[in-house]
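> What follows is a protein structure lacking sequence information:
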């Protein structure tokens, strides 16, 4: 027997294999499409979305920027997002030694960013007429404050930008002879990565 195409199938029928007779034949397509097209007739962009009301076809997009209150970052850049979401990444270091001469604490900056809210503390006040001048350097600006007399801490104002790999150096410089030893010291600040 030669092989030939079946030419007797009616409209809507398909070529199907019948295992019981080991033959091909015409048969109805038993799959029925039950999709009625749905009931949605329009979509309106809600909070955090733009595009208005769409009937038929259109585009819905995220508002730029999506506010923090609506689950976004409130910014269009990565650095802006970090600044909005991380208002203070605390950093710092300490020295447990009893210091009575000039000394410094060094912190290698791992990523570019800005430093603010610089604070310094010592375990013992320098004493009457004496002080520690404390300066943080290595960035775009030096921040400094002074611990004097009976005080044991100080805070610097301003912001300094740092590049990855900079050495953030906190320099303690004594003023006045016979200054009381620090009995430990430390610094902290807020760091916002770029």
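Arrived safely. Everything quoted here is computed from the prediction, not taken from an experiment.
> Who are the contact partners of residue 193?
By Cβ atoms under 8 Å, 6 or more residues apart in numbering, the contact set of residue 193 is 79, 82, 86, 89, 111-113. (C-beta placed from N, C-alpha, C; glycine too.)
> Please repeat the previous calculation with a cut-off of 10 Å.
Residues counted as contacts of residue 193 (Cβ atoms under 10 Å, 6 or more residues apart in numbering) are 78-79, 82-83, 86, 89, 109-114, 162, 164.
> next one: residue 84
65, 67-68, 72-75, 192.
> so of the contacts of residue 193, which ones are in helices?
78-79, 82-83 (DSSP state H).
> hang on, the earlier thing: and the contacts of residue 84 as CSV, adding pLDDT and secondary structure?
Output for the contacts of residue 84, formatted as CSV (pLDDT from 0 to 100; DSSP: H, G, I helix; E, B strand; the rest coil):
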residue, pLDDT, secondary structure
65, 80, coil
67, 79, coil
68, 76, helix
72, 80, coil
73, 81, coil
74, 82, coil
75, 83, coil
192, 86, strand
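> on that earlier part again, PyMOL command to pick out the buried ones of the ones in helices among the contacts of residue 193?
Selection of buried members from those for PyMOL, criterion 16 or more other Cβ atoms under 10 Å:
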select buried, resi 82+83
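> got CSV for the ones in helices among the contacts of residue 193, with distance to residue 155 and pLDDT too?
Putting those into CSV (distance: Cβ to Cβ, whole Å; pLDDT from 0 to 100) gives the following:
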residue, distance to residue 155, pLDDT
78, 29, 80
79, 25, 76
82, 23, 75
83, 21, 74
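> so what's the most centrally placed residue in the chain closest to, chain neighbours aside?
The centre of the chain sits closest to residue 82, judged by Cα atoms, centre = their mean, with a distance of 4.4 Å. Counting by Cβ to Cβ, 6 or more residues apart in numbering, residue 82 lies nearest to residue 193, which is 5.7 Å off, once chain neighbours are set aside.
> for that neighbour, phi and psi?
Torsion angles at residue 193 (phi, psi; degrees, to the nearest 10) stand at phi -60, psi 150.
> when you check the contacts of residue 193 against the strands, which ones overlap?
The members of the contacts of residue 193 that map onto strands under DSSP state E are 89, 113-114, 162.
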